[in-house]
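Trainee: I need the structure of the sequence given here:
(chains A and B)
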Amino acid sequence: MADEPREQDAPPFLSWRAIYAIVLGALAVEAVLGAILTALYS
Amino acid sequence: MNALDWVVLFGTLGAIIGYGIWKTRGPADMTGYLLGGYQDRWLTVGLSVMATQASAITFLSTPGQAYADGMRFVQFYFGLPIAMVILSIAFVPRFYRSRVLTAYELLESRFDLKTRQLAAFLFLLQRGLSAGITIYAPAIVLSKLLGWSLNLTCLAIGGLVIVYTVAGGTRAVSQTQKHQMTVMLLGMVVAFVVVLRRLPPDLSFGNALSIAGAFGKMNVVDFSGGLGSRYTFWSGLLGGGFLAMAYFGTDQSQVQRYLSGRSVTESRLGLLFNGLFKVPMQFLILLVGVMVFVFYQFNPPPLFFNESELARVARTPHAAELQRLQAEHQTAVQARRSEVDRLAGALRAHDAAAVDRARAGVQAAAARFDDVRARTKALIAASVPRPETNDADYVFLSFVLANLPRGIVGLLLAVILCAAMSSTASELTALGGCTVVDFYRRSLRPNESDAHYVRVARACTGAWGALAVLFAVFAALLDNLIQAVNILGSLFYGTILGIFLMAFFSRRVRGTPVFVAALLSQALVVVVWLTTSIGFLWFNVIGCAAVLILSQVLPL
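Mentor: Next comes the predicted model:
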């Protein structure tokens, strides 16, 4: 049982910058898809 | 409900809770009891964070909200991914570096005791009251639709949660939430597939969306401005972003979830997992509601989904008027059905002019249908004491009970109960932990053993659970209080977030100006709430901005 948290800062894959870009990029794609759905079906 | 549904329901709940208790058996110290001994991997953290936010009412209300109001509620979550990135960069490393058990502990090292305990008190107040609602809200719907006893349902949900949270602490919560969230996601995917299969076989998915759009349900994104509109792209991005920052960054029920990660990396990845999948999950739940709406264009819906309210009206002198409305409703449903059939035919024929004509016919028929519903709600309001005129929470479960196959009904009831238990469990462990760490250990009994504090934390968790159940049992008598509690969270979060932002990003300002600014900002938010019609999401922005500005300009 690990009693103390480890301040290991490096992610196991990609860089933090790339991971943040994926999360924010996904949001941008979702907003654009939402706008397209609204325009197509409303 | 038949035997197979009961087997699926009890089998799912029993297996998850049993696994959680078995997995976390044995003694624990305070770090182990409150933060799970820093053992969780990122997937457990992420699912636990999502399960904490997803209460039963998420799965009951959200499809009903889409049924009534369309897809636009998804914009409420647009600020969440941005908030997850900011919290991962700015908040998580500081919480780890400070080795805190609660978020508020950090405020004392940066400011002073009174600021810490003010933030902790605001948390206990809002979360303590809302824990009862987390149990009550699904219990009232389940009891009305299934005929279950309201009090027994509250006791069953609350009692089960108390058992495994008191026994296993935060680790039991994480372990059960991981599986509860899996059941919730699986259940909603199954519901979506089953709803699609219940639509007419010659109706394509695209045409189903077009029919929903003709009724104004495909309003996914709205870029208009206006502070009064509750769900727009901008209010979701800004107001929703601030709310998410405040909720995930300062609410102990969430902070405790990701501080249980093995390292900063695991906690960050857990939060970012939530940031990546929250919007698609909410989109799916809303789309289920929209497809239920399309289903009811081809199948007659009830006049009012909370039929127990109609039964109450039928026992009054207004029964004859209700019968007339029932007859009008049947006529309106048939008229709407023929207009929808015409639209579906035009869509299949790809005849744009016919589609436009049919859409106009659909909208006129929808207006007549809505008029009958509006008069029914007015009749309910005029006929019975303490009327419930909003039936959105009853739409999805009514559909499930009446239309889904055996076994699936049990699975979806398990989804709702898992959601109720997972969010309540996080609330209770956080309330118990905050009471002990921020008040009992800090100000009342500072020199006791670790084992003593674990015993008190268990007792406090159980006591908060008992209070929540008690509140839920008596909530039916306190309608106005319930509405107030629902707004309570948004009233306080902005202020608490402002305090934390000052702690993290200002090196100059000391405790007293922040404390006074927080009190003044809180008063300002309450005044804005009472005197204006500004959408509640903006309270988070106003409260936070007021703390940031006032704490720097106050001459203290």
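
Trainee: Would you tell me which residues of the stretch 201-350 of chain B are close to chain A?
Mentor: B:209-210, B:212-213, B:216, B:218-223, B:233, B:259, B:261-265, B:268-269, B:272, B:275-276, B:279-280, B:283 (Cβ under 8 Å from any Cβ of the partner chain). C-betas here are computed from N, CA, C, even on glycine.

Trainee: Which of these fall within helices?
Mentor: Within these, residues falling in helices by DSSP state H are B:209-210, B:212-213, B:233, B:259, B:264-265, B:268-269, B:272, B:275-276, B:279-280, B:283.

Trainee: Emit the ChimeraX select command for whichever of these are buried.
Mentor: Under the burial definition 16 or more other Cβ atoms under 10 Å in any protein chain shown, those of these that qualify are selected in ChimeraX by:
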select /B:209,210,212,213,233,259,264,265,268,269,272,275,276,279,283
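
Trainee: Excluding sequence neighbours, find me the nearest residue to the residue positioned nearest the centre of chain A.
Mentor: In chain A, the C-alpha nearest the mean C-alpha coordinate belongs to A:Val23, at 1.4 Å (Cα atoms, centre = their mean). Distances taken as Cβ to Cβ, 6 or more residues apart in numbering or on different chains put B:Gly275 closest to A:Val23, at 4.7 Å, once the chain neighbours are dropped.

Trainee: Can you tell me the element the residue nearest to the centre of chain A falls in?
Mentor: helix A:16-41 (DSSP states H and E).

Trainee: tell me what that helix is packed against?
Mentor: Judged by 3 or more Cβ pairs under 8 Å, 6 or more residues apart in numbering or on different chains; DSSP states H and E, helix A:16-41 is in contact with helix B:80-86, helix B:205-214, helix B:264-298.

Trainee: what would those helices look like in TSV with mean pLDDT?
Mentor: Formatted as TSV, these follow (pLDDT from 0 to 100):
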stretch	mean pLDDT
helix B:80-86	97
helix B:205-214	95
helix B:264-298	95
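
Trainee: Columns distance to B:Val193 on top of the ones you listed, output as CSV?
Mentor: As requested, those are exported to CSV (distance: least, Cβ to Cβ, whole Å):
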stretch, distance to B:Val193
helix B:80-86, 26
helix B:205-214, 12
helix B:264-298, 10
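
Trainee: got a list of what B:Asp5 touches?
Mentor: B:406-407, B:409-410, B:413 (Cβ atoms under 8 Å, 6 or more residues apart in numbering or on different chains).

Trainee: ok, 7 Å please
Mentor: Each residue near B:Asp5 by Cβ atoms under 7 Å, 6 or more residues apart in numbering or on different chains is listed here: B:406-407, B:409-410.

Trainee: Next, it: secondary structure please.
Mentor: Classification of B:Asp5 by DSSP: H, G, I helix; E, B strand; the rest coil places it in helix.

Trainee: Buried residues in the helix or strand where B:Leu145 lies, which are they?
Mentor: Here B:Leu145 sits within helix B:113-146, counting by DSSP H and E. Neighbour-count burial for helix B:113-146, counted by 16+ other Cβ under 10 Å, picks out B:115-120, B:122-124, B:126-145.

Trainee: Likewise for stretch B:369-387?
Mentor: For stretch B:369-387, a neighbour-count test (16+ other Cβ under 10 Å) marks B:369, B:372-373, B:376-377, B:379-380, B:383-384, B:387 as buried.

Trainee: Spatially, which two of the residues you listed are the most separated?
Mentor: Spanning the widest gap among those are B:Phe369 and B:Val384, at 23.1 Å by Cβ to Cβ.

Trainee: domain ranges for chain B?
Mentor: Domain assignment of chain B by automatic domain parsing yields the ranges B:3-297+B:401-553, B:308-390.

Trainee: from the ones you listed, which stretch is densest packed?
Mentor: Per-stretch averages of neighbours, counted by mean count of other Cβ atoms under 10 Å in any protein chain shown, single out domain B:3-297+B:401-553 among these, with a mean of 21.

Trainee: For that one, measure first residue to last.
Mentor: 66 Å (Cα to Cα, to the nearest Å).

Trainee: Where does pLDDT dip in the chain?
Mentor: You didn't say which chain, so I picked chain A. Scanning chain A for pLDDT under 70 picks out A:1-10.

Trainee: not quite, I wanted chain B
Mentor: Within chain B, the stretches with pLDDT under 70 are B:26-27, B:226-229, B:476-487.

Trainee: Tell me who's in contact with the nearest residue to B:Gly239 once chain neighbours are set aside.
Mentor: Among residues not flanking B:Gly239 along the chain, B:Leu537 sits closest, at 2.9 Å (Cβ to Cβ, 6+ apart). By Cβ under 7 Å, 6+ apart, the residues touching B:Leu537 are B:230, B:235, B:239-240, B:243.

Trainee: what's the spacing between B:Leu537 and chain A?
Mentor: Distance of B:Leu537 to chain A, given as Cβ to the nearest Cβ, to the nearest Å: 17 Å.

Trainee: Contact partners for B:Val362?
Mentor: Going by Cβ under 7 Å, 6+ apart, B:Val362 touches B:214-215, B:339-340, B:343.

Trainee: remind me, longest helix of chain B?
Mentor: Longest helix of chain B, by residue count under DSSP H: helix B:150-198.

Trainee: Contacts only, for B:Leu203.
Mentor: B:Ala344.

Trainee: Now do the phi/psi pair for it.
Mentor: The phi/psi pair for B:Leu203 (degrees, to the nearest 10) reads phi -100, psi 120.

Trainee: again with B:Glu448
Mentor: The phi/psi pair for B:Glu448 (degrees, to the nearest 10) is phi -90, psi 170.

Trainee: And for B:Asp29?
Mentor: Per-residue torsions, B:Asp29: phi -90, psi -180 (degrees, to the nearest 10).

Trainee: List of residues touching stretch B:247-256?
Mentor: The contact list for stretch B:247-256 (Cβ under 7 Å, 6+ apart) reads B:34-35, B:49, B:52, B:83, B:87, B:91, B:95, B:102-103, B:123, B:127, B:170, B:271, B:426-427, B:429-430, B:433-434, B:493, B:496-497, B:500.
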